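J.: What would the 3D arrangement of this be:
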Amino acid sequence: MFGRTSKTARAQEVAEDAWDALVSTWESARDRTGDLVVDTTDSLGSAKDEAWRRAGNALDALAGRSPSKPWALLFAAVAAGAALGWVAATAIGRQSSLPAFDDDTEPSDLPTSS
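T.: As a prediction, this is how the structure comes out:
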């Protein structure tokens, strides 16, 4: 009877280990599948948005409507240009090596670089 109990306990241990391995594999597969679904949904979502945008543009072209201006992009470009111009003007204004000009400055008053 002692031998049977040992075999039963061992069989129980093996069954529990197999069950734990099965549950772990199932959870891992579910997590990987969930990640794959999220990635695919993101890809399809952006592709869907692009397809709708292109379809709308095609319908506008077929209807003879001109494409809309990218006002946000134009505004961003103007703002970036203004910011860069301001930075350049500030940097140039801070250089002490540049001569100061006023109404009485003559070319002979300017320093020469030798």
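
J.: Residue 68 in helix, strand or coil?
T.: With DSSP: H, G, I helix; E, B strand; the rest coil as the basis, the three-state label of residue 68 is coil.

J.: quick one: it and residue 106, what's the gap?
T.: Computed with Cβ to Cβ, to the nearest Å, the distance linking residue 68 and residue 106 is 56 Å. From N, CA and C alone the C-beta is placed, and that goes for glycine too.

J.: Residue 54 versus residue 93, what's the distance?
T.: Residue 93 sits 48 Å away from residue 54, going by Cβ to Cβ.

J.: next one: residue 76
T.: When distance is defined by Cβ to Cβ, residue 76 is 23 Å away from residue 54.

J.: likewise residue 38?
T.: Distance from residue 38 to residue 54, counting by Cβ to Cβ: 25 Å.

J.: Next: residue 25.
T.: Taken as Cβ to Cβ, the spacing of residue 25 relative to residue 54 amounts to 43 Å.

J.: go on, residue 84?
T.: For residue 84, the distance to residue 54 (Cβ to Cβ) stands at 33 Å.

J.: What of residue 31?
T.: To residue 54, residue 31 is 35 Å away according to Cβ to Cβ.

J.: now do residue 92
T.: For residue 92, the distance to residue 54 - Cβ to Cβ - is 45 Å.

J.: same check, this time on residue 16
T.: Residue 16 sits 57 Å away from residue 54, going by Cβ to Cβ.
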